[in-house]
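Q: fold the stuff below for me.
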Amino acid sequence: MKEYEIVELLKKENEEFRRLSEEHRNLDGLLIEIDSKRYLTPEEEVERKKIQKQKLLKKDRMAELIREYKKSQPTN
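A: Next comes the predicted model:
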């Protein structure tokens with residue numbers, strides 16, 4: 001099973017993965033909004049870094065769930 005297929009399966013079957021995926025997408029939207037500004041205030045810079053860290057944590061957890069799924073599947 002290819003990775004994108006596992007992602008789609010987990011989005012359907014795993015509540016945590018679905019929630020993480022949605023939160024990751026929302027954080028992505030916030031980053032796009034912040035990055036669309038020409039200049040960022042120091043507060044916006046801090047917020048941007050915080051969003052990037054949150055996004056990375058969610059992506060790391062999603063990757064962990066994918067690895068766990070792969071381990072649970074019998075190999076051919």
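
Q: show me which residues of stretch 33-50 are buried.
A: Arg48 (16 or more other Cβ atoms under 10 Å). In this view, the C-beta of every residue, glycine as well, is placed from N, C-alpha and C.

Q: ok, and what's touching that stretch?
A: Leu31, Ile51 (Cβ atoms under 8 Å, 6 or more residues apart in numbering).

Q: can you show me the helices along the chain?
A: 3-13, 15-35, 42-72 (DSSP state H).

Q: now stretch 49-69: average pLDDT?
A: The average pLDDT for stretch 49-69 rounds to 98.

Q: neighbours of Leu20, just the number please.
A: By the criterion of other Cβ atoms under 10 Å, Leu20 has 20 neighbours.

Q: right, and it touches Ala63 too?
A: No - applying Cβ atoms under 8 Å, one finds Leu20 not in contact with Ala63, separated by 10.1 Å.

Q: report the buried residues of stretch 63-76.
A: By 16+ other Cβ under 10 Å, the buried positions in stretch 63-76 come out as Leu65, Ile66, Tyr69.

Q: and if you look at stretch 13-21?
A: In stretch 13-21, the ones that count as buried by 16+ other Cβ under 10 Å are Asn14, Phe17, Leu20, Ser21.

Q: of those, closest to Lys53?
A: Leu20 (14.5 Å; Cβ to Cβ).

Q: measure the closest one to Ile6 for me?
A: Distance from Leu20 to Ile6, counting by Cβ to Cβ, to the nearest Å: 14 Å.
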